[in-house]
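>>> A structural model of the following input is requested.
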Amino acid sequence: MAKALKRSHYTGVASRFQRSINLHNDWHDLGQSSGYILTPNVANSLERLIQGLLSKNGQRAFALTGPYGTGKSAFAVFLCQLLSKDSKQAAQTAKLLPSDLKSQLNNVRKSAGKREGFLPIPVTARRRPVAQLLLEGMLATLSELRQLMSVRELCLRMEIALKDNAWRDTATILEFLSALTKEAEKQGFAGILLLVDEAGKTLEYALQDRSGGDVYIFQELA
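Take a look at the predicted model:
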């Protein structure tokens, strides 16, 4: 009797497609960009972002919207790796770019001088106040930096602010973001890359908590 043929004999699904992407957990994984398809929408989004970085007064805040499963989180992971200070990570993802985007990206790196890459602050949102989530994300990102005295002091201040719910004052978040940027630049980064994935969750929460869930901070950041 002939052996039954299965579809798995001819096709397979890469492991990275077998579960949802988690930006915070996956951006370090080089395998996440393996086989990434640079669609026209992705290329267009990258070009707009790069032009914003190259212009002194260029746009630095973007919103990426779309239905579930269209690759928004995958794009965020790809962007973290592409703009990473990690030369191996950046080089592997840059191979996927067409020549014109590679040239523009090289111009971004040249404009940064001796500083290399951006420090990602990856935030995967949930139904909590966005200001709280941003503070949690910044606190987690401090572990990516060399633990100098100033970094440890900033970490302690953030931990206290998180415990005391000081994030309710958005000025506190902006102050911490500025301080983190300075620490990143002191350690050779060109700047920070703040990404909020599943941002719609914070909007859902804001409908339930009109005081603590204020999303005006998005405008302040922009």
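
>>> find the nearest non-adjacent residue to Leu142, please.
Cys155 (4.9 Å; Cβ to Cβ, 6 or more residues apart in numbering). All C-beta spots, glycine's among them, are computed from the backbone N, C-alpha and C.

>>> so how far is Glu183 from that neighbour?
For Cys155, the distance to Glu183 equals 10 Å [Cβ to Cβ, to the nearest Å].

>>> what do those two both touch?
The contact sets of Cys155 and Glu183 overlap at Leu142 (Cβ atoms under 8 Å, 6 or more residues apart in numbering).

>>> more neighbours, the two?
Each of Cys155 and Glu183 has its neighbours counted (other Cβ atoms under 10 Å); Glu183 has more, 22 against 17.

>>> how close does that one sit to Gly191?
For Glu183, the distance to Gly191 (Cβ to Cβ) stands at 12 Å.

>>> again, but for Ile121
11 Å.

>>> which one's more surrounded, the two?
More neighbours surround Ile121 than the other of Ile121 and Gly191, with 24 against 16 (other Cβ under 10 Å).

>>> domains in the protein, by residue range?
Domains of the chain are assigned by automatic domain parsing as 18-111, 116-222.

>>> for the protein, which spans come out with low pLDDT?
1-19, 32 (pLDDT under 70).

>>> what sits against Ala171?
Here Ala171 is in contact with no residue (Cβ under 8 Å, 6+ apart).

>>> which element is it on?
Ala171 is located in helix 170-186, with elements delineated by DSSP states H and E.

>>> how about that helix: buried residues?
Thr170, Thr172, Ile173, Phe176, Leu177, Ala179, Leu180, Thr181, Glu183, Ala184 (16 or more other Cβ atoms under 10 Å).

>>> now it, how far from the chain's geometric center?
Mean C-alpha position of helix 170-186 versus that of the full chain (Cα atoms, centre = their mean, to the nearest Å) differs by 16 Å.
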